[in-house]
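In: Build me a model from this:
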Amino acid sequence: GRWVNTQRTGYKNYIAGNKQKNYGMCEERINKLKSIDFNWGKEAASKQQPWDEMFEGLKLFKAKHGHADVPSTYADNPKLGRW
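Out: As a prediction, this is how the structure comes out:
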């Protein structure tokens, strides 16, 4: 419905840094919607999966090296170094 579409649009604009059209979207609202497995739509889901994968890589890097300052030339995972 209309409300769901507004949440999706607000999320998209919030992530893009567009404060004028984020419809009050904030981290708290995002977390509440995520807690009920809110469907952000195909575009948001397709962007979220790679982010989640990179975040998991960052957690592994930190566990191995004791910090999260990945060098840009990190040979074990070059994408993580550029992320």
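
In: rest of the way, CA atoms for contacts and neighbours
Out: Noted.

In: low-scoring pLDDT stretches of this structure, where are they?
Out: 42-49 (pLDDT under 70).

In: What are the boundaries of the helices in it?
Out: 2-16, 27-35, 42-65, 78-82 (DSSP state H).

In: for the shortest one, packing partners?
Out: The contact analysis (3 or more C-alpha pairs under 8 Å, 6 or more residues apart in numbering; DSSP states H and E) places helix 78-82 against helix 42-65.

In: coming back round to it: of the helices of the chain, which stretch is the most buried?
Out: helix 2-16 (a mean of 16; mean count of other C-alpha atoms under 10 Å).

In: tell me the angle of that helix relative to helix 27-35?
Out: Computed by axes from the mean of the first three to the mean of the last three C-alpha atoms, to 10 degrees, the angle separating helix 2-16 from helix 27-35 equals 120 degrees.

In: if we can go back for a sec, would TSV of the helices of the chain with distance to residue 71 be doable?
Out: Compiled in TSV, the helices of the chain are given as follows (distance: least, C-alpha to C-alpha, whole Å):
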stretch	distance to residue 71
helix 2-16	25
helix 27-35	28
helix 42-65	11
helix 78-82	5
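
In: Check the spacing between residue 14 and residue 7 real quick.
Out: 10 Å (C-alpha to C-alpha, to the nearest Å).

In: meant to ask about residue 39, not that
Out: 10 Å.

In: before we move on, the earlier item: identify the contacts common to residue 14 and residue 7.
Out: Residues touching both residue 14 and residue 7 by C-alpha atoms under 8 Å, 6 or more residues apart in numbering: residue 25.
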